[in-house]
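1. need a 3D model of the following:
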Amino acid sequence: MSRIGKKPIAVPEKVKVSVQGQTIQVQGPKGTLTISAHPRIKVAVEGNEVKVARLTDLGSDRALHGMTRSLIQNMIIGVTKGYTKDLEVVGVGVKAAVKGNVLSLSLGFTHPVDYTFGKDVEIKCPKPTSITITGLDKQRVGQVAAEIRSFYKPEPYKGKGIRYAGEQVRRKQGKAAG
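-> This next block holds a predicted model:
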């Protein structure tokens with residue numbers, strides 16, 4: 001049995017979980033999130049707990065069982081606390097700025113790199129070398145962070161690029177260190 005899937009999910013007081021068929025909707029103080037569960041997974045709300053069950057004991061059903069439970073748990077955390085990812089922009093002359101719903105990055109290229117983001121995430125630049133991404137959906141916040149990081153991944157020789165806050169970049173010596 002899935003060890004993660006069999007744990008009931010506690011629902012806080014300010015959160016409302018509703019299940020209609022295979023559609024699960026979670027409403028909280030920060031907003032509303034919705035997912036659709038797989039047909040072989042059953043979700044039920046019992047009091048202030050959400051329970052996830054599977055129909056068979058196939059390996060794929062066990063995986064879906066744990067994943068569905070984790071997605072619902074992440075939705076509950078998202079509508080109560082929200083999710084945040086921090087990025088650091090490292091290098092000489094590289095910087096970031098937000099104008100409306102466009103993140104403008106000066107990364108040393110001949111042109112600025114503009115990234116347009118939607119209303120489901122909020123991007124702030126407290127300093128020109130740091131980017132903070134905030135949102136309700138954990139998956140969407142992580143995807144936006146990965147897309148921004150992909151514009152200029154950290155390189156191993158000088159360590160320049162966009163990296164996650166606290167990410168360790170393994171440095172190489174280069175050819176001069178013979």
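
2. any stretches of the protein with poor pLDDT?
-> 1-2, 177-178 (pLDDT under 70).

3. domain assignment for it?
-> 9-80, 83-164 (automatic domain parsing).

4. want to throw those into TSV with mean neighbour count and distance to residue 174?
-> Yep, even glycine has a C-beta here, placed from its N, CA and C like the rest. Below are these laid out as TSV (neighbours: other Cβ atoms under 10 Å; distance: least, Cβ to Cβ, whole Å):
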stretch	mean neighbour count	distance to residue 174
domain 9-80	16	42
domain 83-164	16	6
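
5. could you point out which of the ones you listed sits nearest residue 171?
-> With Cβ to Cβ as the measure, domain 83-164 is the member of the domains of the chain nearest residue 171 (5.8 Å).

6. distance from the chain centre to that closest one, please.
-> Its chain's average C-alpha position is 14 Å from that of domain 83-164, according to Cα atoms, centre = their mean, to the nearest Å.

7. just stretch 63-78 next, same as before
-> Counting by Cα atoms, centre = their mean, stretch 63-78 comes out at 13 Å from the chain centroid.

8. so who does residue 147 touch?
-> By Cβ atoms under 8 Å, 6 or more residues apart in numbering, the contact set of residue 147 is residue 115.

9. got it, and the one 5 residues further on?
-> With contacts defined as Cβ under 8 Å, 6+ apart, residue 152 is in contact with 94, 105, 107-108, 113, 160-162.

10. among those residues, which pair sits farthest apart?
-> Largest pairwise distance in the contacts of residue 152, by Cβ to Cβ, is 14.4 Å, between 113 and 160.

11. can you lay out the domains of the chain as a markdown table showing distance to residue 171?
-> Output for the domains of the chain, formatted as a markdown table (distance: least, Cβ to Cβ, whole Å):
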| stretch | distance to residue 171 |
| --- | --- |
| domain 9-80 | 34 |
| domain 83-164 | 6 |
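
12. so in the protein, which helix runs the longest?
-> Of all the segments of type helix in the chain, defined by DSSP state H, the longest one is helix 59-80.

13. how about whichever helix or strand comes after that one as CSV, C-alpha atoms only?
-> Remark: after helix 59-80, the chain's next helix or strand is strand 83-90, criterion DSSP states H and E. Backbone C-alpha positions of strand 83-90 (Å, rounded to 0.1, in the frame of the first residue of the first chain) are rendered in CSV as follows:
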residue,chain,number,x,y,z
TYR,A,83,4.7,29.0,-2.5
THR,A,84,7.9,31.1,-3.1
LYS,A,85,11.0,30.5,-5.2
ASP,A,86,14.0,32.8,-5.0
LEU,A,87,16.5,33.2,-7.9
GLU,A,88,19.9,34.9,-7.8
VAL,A,89,21.4,36.7,-10.8
VAL,A,90,25.2,36.4,-10.7
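
14. thank you kindly, that will do.
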